[in-house]
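J.: A structural model of the following input is requested.
(one chain, ligands or ions: 1)
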Amino acid sequence: MSRGAAGRTGRPGAPRRPPIGVLSRRALLGGALSALSLPLLCACTADPARSAASSSPRRPSPALADDGTPIVAAPPAAPSRVDADGVRVFRLRAQAGTAQFRARTDTPTCGYEGAYLGPTLRARRGETVRVEVVNELLEETTLHWHGMELPGAADGGPHAPVAPGGTVWPSWTVAQPAATLWYHPHPHGATTGQVLRGLAGVFLVDDDDAPPGLPSEYGVDDVPLLLSDPRFTTDGRIDEETRTAIGPLGDAVLVNGVAGGCLPVTSTRVRLRVVNASPARVYALAAADGRELTLVGTDGGLLAAPLPVRSVRLSPGERAEVVVGLDPGERIGLVSLPPDLGLLPQLAETYGAAEPLPLLELRAAAELAPSPELPAAPADVPAPDPATATGEQTFQLSAGRINGQVHDPGRIDLRVPLGATEVWTVTSGHEQPHSFHPHGVRFRVLSVGGAPPPPELAGWKDTVYVPPRTPLQLLVHFAQPADDRTPFMYHCHVLWHEDQGMMGQYVVDPAG
Ligand SMILES: [Cu+2]
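T.: Numbers count the residues shown, from 1 in each chain. Have a look, this model is predicted:
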């Protein structure tokens, strides 16, 4: 019972300058076209000289270990205040800055509250948060809360642009269990470049119901790791022009902005919250020596039970929480193995899936503090019940389109009643990697190619790799509203595909 495309939806009554900001379809398309056709002009906000900000931050060089290896640090924790009304308030300024990824070579970058990447926001389930989002760039941006269940008006998708010099204050109540979420810009047609230049950060949701036992001292035994893979031009700029059919693939992987780094470990277990913030690359996170890692969480929350794994595949936008056990003095390399993309083998090199890539080295101190035993049941994850579904939708990904259509900001593709549960079937019709992400929801994977999902896909998800010609069935519950002015997106999270229009939008209607 497909509701199908609901036809074009105009916004004649929309206020000219609403609080969040809504662009007309013409403006959105104009922005997209200019971003696509004039990348050098539009990408220039990474040039500090052209930043709208009064200051252009410079990233401090990473500290060095005794042997000169750069040390990977956790992103700084974002400061916040709690107002009299109990709302936790953060500020994120999108800024242009400079970083050195190679000795004596300045690279123009972007970041939040700094030159590159952003601080880690943190809030508890049940808390209301408000984020002052300031655009100090010279180009339009948005700020999307990836994986957050929140109303469409706060979601920060392409209908919520922040003009250069502008500020918005998205606010919502955190209404989901503990999870590793992230934030990044989502301007239509220009997401790849902004993320590649460094606009990304982590948002951790805490939950009083989470059992003890997981390493949880931020930056010590609980460390977010953002994976990105920019390619650099000979003069040190981030290369946004060289791309494959899935977009830019870098030649080295940065972990929290550091290539070839090490992470000092001072306890017998360390929890790594790994975020694939790369535009196109799919990783298969593993220990270089083949030892098992323990997967304890995926995109939308903790697992029902710790899961020993040899590797964890992460397509763009996906996250994994893994716990690694170490002995005193031990060094463990973390790598990305060639991921199983389900593609024709001859395409592996094209999509960066042919060679292992070093990520970082875990270096245990000579004496380690004992970590508690992992909880046997990190979270209560009930079995998904497809009988609860009252509707179904199908999504065919191919040739830069979803269901044969390129994204149209003026077209609402789906309408779903608030509170509904549906089975969404997503299929890729061709030999390219795709990663499917619907906004505003978490989902469960019901089946992969007709079979039950592997255990690493059996928890809560908000983004999932879509292998070719292999239908994925997802059980999606719609707990948050989104209207025609700020609908939710669903799209391929291979960012070049998204920018090219492999994206649709849907309304979640409180009126049913
Ligand atoms: Cu795609």
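J.: what sits against the spatially most central residue of the chain?
T.: Among the residues of the chain, the one closest to the centroid is Gly317, at 3.7 Å (Cα atoms, centre = their mean). Residues counted as contacts of Gly317 (Cβ atoms under 8 Å, 6 or more residues apart in numbering) are His146, Asn276, Ser435, His437, Asp462, Thr463, His493. The C-beta positions use only the backbone N, C-alpha and C, and glycine is treated the same way.
J.: can you get me a residue count around the fifth one?
T.: By that I understand Asp462. 28 (other Cβ atoms under 10 Å).
J.: and it, its phi and psi?
T.: Main-chain dihedrals, Asp462, degrees, to the nearest 10: phi -130, psi 0.
J.: so how far is the ion from it?
T.: 16 Å (Cβ to the ion, to the nearest Å).
J.: also the second one?
T.: For Asn276, the distance to the ion equals 14 Å [Cβ to the ion].
J.: and if you look at the fourth one?
T.: Remark: distance between His437 and the ion (Cβ to the ion) = 10 Å.
J.: hang on, Gly126 in a strand?
T.: No - counting by DSSP: H, G, I helix; E, B strand; the rest coil, Gly126 is not part of a strand but coil.
J.: that one and Thr173 touch, don't they?
T.: Yes - counting by Cβ atoms under 8 Å, Gly126 does reach Thr173; the two are 7.1 Å apart.
J.: who's in contact with the closest residue to Gly449 other than its chain neighbours?
T.: The shortest distance from Gly449 to any non-neighbouring residue, by Cβ to Cβ, 6 or more residues apart in numbering, is to Thr470 (4.3 Å). By Cβ under 8 Å, 6+ apart, the residues touching Thr470 are Gly342, Thr427, Ser428, Val448, Gly449.
J.: try Glu132
T.: Counting by Cβ under 8 Å, 6+ apart, the residues that Glu132 touches are Val89, Phe90, Arg91, Leu92, Thr167, Trp169.
J.: adding distance to the ion, pLDDT and secondary structure, write the residues you listed out as TSV.
T.: Below are the contacts of Glu132 laid out as TSV (distance: Cβ to the ion, whole Å; pLDDT from 0 to 100; DSSP: H, G, I helix; E, B strand; the rest coil):
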residue	distance to the ion	pLDDT	secondary structure
Val89	36	98	strand
Phe90	31	98	strand
Arg91	33	98	strand
Leu92	27	98	strand
Thr167	32	98	strand
Trp169	32	98	coil
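J.: leaving out chain neighbours, which residue sits closest to the residue of the stretch 1-150 of the chain found nearest the ion?
T.: Going by Cβ to the ion, the ion is nearest to His146 of the stretch 1-150 of the chain, at 15.9 Å. Closest residue in space to His146, ignoring its immediate chain neighbours: Trp182 at 5.0 Å, by Cβ to Cβ, 6+ apart.
J.: please name the bridge partners of the one you found.
T.: His146, Val202 (DSSP bridges).
J.: what count of nearby residues applies to it?
T.: The number of residues packed around Trp182, counting by other Cβ under 10 Å, is 26.
J.: how about the one 3 residues further on?
T.: The burial count assigned to Pro185 is 28, neighbours taken as other Cβ under 10 Å.
J.: quick check: the gap between it and Gly290.
T.: According to Cβ to Cβ, to the nearest Å, Pro185 and Gly290 sit 37 Å apart.
J.: same question, Leu397
T.: Between Leu397 and Gly290 the computed distance is 33 Å (Cβ to Cβ).
J.: over to Leu326?
T.: 15 Å.
J.: please apply the same query to Thr191.
T.: Distance of Thr191 to Gly290, given as Cβ to Cβ: 36 Å.
J.: neighbour-wise, which of these two wins?
T.: Counted by other Cβ under 10 Å, Thr191 and Gly290 do not tie: Thr191 has more neighbours, with 26 against 9.
J.: what residues are up against the nearest residue in space to that one that is not next to it in sequence?
T.: Counting by Cβ to Cβ, 6+ apart, Thr191 lies nearest to Leu495, which is 5.0 Å off, once chain neighbours are set aside. If you count contacts by Cβ under 8 Å, 6+ apart, Leu495 has them with Thr191, Thr192, Val195, Gly247, Pro279, Ala280, Pro316.
J.: what's the closest of those residues to Ala210?
T.: Ala210 lies nearest to Pro316 out of the contacts of Leu495, by Cβ to Cβ, at 26.9 Å.
J.: Three-state assignment for that closest one, please.
T.: Under three-state DSSP, Pro316 falls in the coil class.
J.: got the contact list for the residue of the stretch 151-300 of the chain found nearest the ion?
T.: The nearest approach of the stretch 151-300 of the chain to the ion comes at Ile246, 6.6 Å away (Cβ to the ion). Residues in contact with Ile246, defined by Cβ under 8 Å, 6+ apart, are Ala280, Tyr351, Gln432, Pro433, Val494, Trp496, His497.
J.: most neighbours, which of those?
T.: Val494 (31 neighbours).
J.: next secondary structure element downstream of the helix or strand bottoming out on mean pLDDT in the chain?
T.: Ranked by mean pLDDT, DSSP states H and E, the weakest helix or strand in the chain is helix 39-42, scoring a mean of 30. Next along the chain after helix 39-42, taking DSSP states H and E as the criterion, comes strand 81-82.
J.: I'd like to know which elements that next one is packed against.
T.: Judged by 3 or more Cβ pairs under 8 Å, 6 or more residues apart in numbering; DSSP states H and E, the packing partners of strand 81-82 are strand 88-102.
J.: mind giving me the packing neighbours of the strand it packs on?
T.: Checked by 3+ Cβ pairs under 8 Å, 6+ apart, strand 88-102 has strand 81-82, strand 105-112, strand 121-124, strand 128-135 packed alongside it.
J.: return the most buried member of the ones you listed.
T.: Mean neighbour count (mean count of other Cβ atoms under 10 Å) peaks for strand 105-112 among the helices and strands packed on strand 88-102, with a mean of 24.
J.: now that one - C-alpha only, PDB.
T.: In PDB, the C-alpha atoms belonging to strand 105-112 read as follows (Å, rounded to 0.1, in the frame of the first residue of the first chain):
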ATOM      1  CA  THR A 105      52.100  23.200   4.100                       C
ATOM      2  CA  ASP A 106      49.100  25.200   5.100                       C
ATOM      3  CA  THR A 107      45.700  23.800   4.000                       C
ATOM      4  CA  PRO A 108      42.600  25.900   4.000                       C
ATOM      5  CA  THR A 109      40.000  24.100   6.000                       C
ATOM      6  CA  CYS A 110      36.600  24.500   7.800                       C
ATOM      7  CA  GLY A 111      35.500  23.600  11.200                       C
ATOM      8  CA  TYR A 112      33.100  24.300  14.100                       C
END
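J.: next, the angle strand 128-135 makes with it.
T.: Interaxial angle, strand 105-112 versus strand 128-135 (axes from the mean of the first three to the mean of the last three Cα atoms, to 10 degrees): 140 degrees.
J.: how many neighbours does Ser55 have?
T.: Burial of Ser55 is recorded as 11 neighbouring residues (other Cβ under 10 Å).
J.: same question for Pro211.
T.: Number of residues near Pro211 (other Cβ under 10 Å) recorded here: 13.
J.: can you check Asn403 too?
T.: Using other Cβ under 10 Å, Asn403 has 14 other residues around it.
J.: that one - nearest residue in space that isn't next to it in sequence?
T.: Distance criterion Cβ to Cβ, 6+ apart; nearest residue to Asn403, sequence neighbours excluded, is Gln396 at 5.4 Å.
J.: for this structure, just list every one of the helices.
T.: Applying DSSP state H to the chain gives helices spanning 25-37, 39-42, 191-196, 495-500.
J.: no further queries at this time; thank you.
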